[in-house]
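Asks: how would this look folded up:
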Amino acid sequence: MGVVRNLIKAVRRLRLRTHRGLTLGANCDIGPGVLVETGGGQVTIGDDCTLSAGVVLAAYGDFIELARWVHVGPYTTIYGHGGVTIGEGTLIAMHCRILSSSHTIAPQGTFIRSQPDILQPTSIGRDVWLGAGVTVLGGVTIGDGCVVGAGSVVTRDLPPGAVAYGSPAEIRSYREGSSG
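Replies: Take a look at the predicted model:
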């Protein structure tokens, strides 16, 4: 069974390598149904990353960069319109959403969808843990070592080592040993 499983994983990696604008690191574990859309942009997946079942990485003409040893849980979506960077060793649980843009709010009578996006770079540090169902809005920086509780909506920057949760996410404490 292990031989078949390894063959399936190798085929998934090979299938992804054919995408223009994608750089796939060594020893990545690619789950079933992973979708990568570069849209003329760049998606970089570092060595030893895990993309679980149903993950969507859509650069939409800009970029998404996953450093080494990032785990992206099942059915997580990352939109890279304005650029997204995710640091080494970060854990992203299932059903998370990471955005890097917002919509222009048009005057009444003008379709919102006809307006340009507002590009907002998003940065997630190294050794961060995003719990299940976390939403990170565009323009946010999450510092190294942060923990964000399940179901939270991160609307503003979090300093290194912060433990935050809620909607909107509020800092509740700091990890032991952090300078916060």
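Asks: which residue of the protein sits farthest from its center?
Replies: Most distant from the centre of the chain: residue 109, at 34.0 Å, with distances by C-alpha atoms, centre = their mean.
Asks: so what's residue 115 closest to, chain neighbours aside?
Replies: Leaving aside its chain neighbours, residue 115 sits nearest to residue 104 (3.8 Å; criterion: C-beta to C-beta, 6 or more residues apart in numbering). The C-beta positions use only the backbone N, C-alpha and C, and glycine is treated the same way.
Asks: which non-adjacent residue is nearest the most centrally placed residue in the chain?
Replies: Centroid check for the chain by C-alpha atoms, centre = their mean gives residue 78 as the closest residue, at 4.5 Å. Leaving aside its chain neighbours, residue 78 sits nearest to residue 98 (4.5 Å; criterion: C-beta to C-beta, 6+ apart).
Asks: bridged to the one you found, which residues?
Replies: With DSSP bridges as the criterion, residue 98 is bridged to residue 78, residue 136.
Asks: now do the one 5 residues further on
Replies: Beta bridges link residue 103 to residue 117 when assigned by DSSP bridges.
Asks: hang on, isn't it packed against residue 114?
Replies: No. Residue 103 lies out of contact with residue 114 (C-beta atoms under 8 Å); the separation is 10.3 Å.
Asks: which of those two has more residues huddled nearby?
Replies: Ranked by neighbour count (other C-beta atoms under 10 Å), residue 103 and residue 114 place residue 103 first, with 11 against 8.
Asks: which residues in the protein form helices?
Replies: 2-17 (DSSP state H).
Asks: so where's this structure shaky on pLDDT?
Replies: 1, 4-5, 7-19 (pLDDT under 70).
Asks: again, 90 this time
Replies: Applying pLDDT under 90 to the chain flags residues 1-21, 103-106, 112-113, 177-180.
Asks: coming back round to it: give me the number of residues near the residue nearest to residue 115?
Replies: 11.
Asks: list the contacts of it.
Replies: Neighbour list for residue 104: 112, 115-118 [criterion: C-beta atoms under 8 Å, 6 or more residues apart in numbering].
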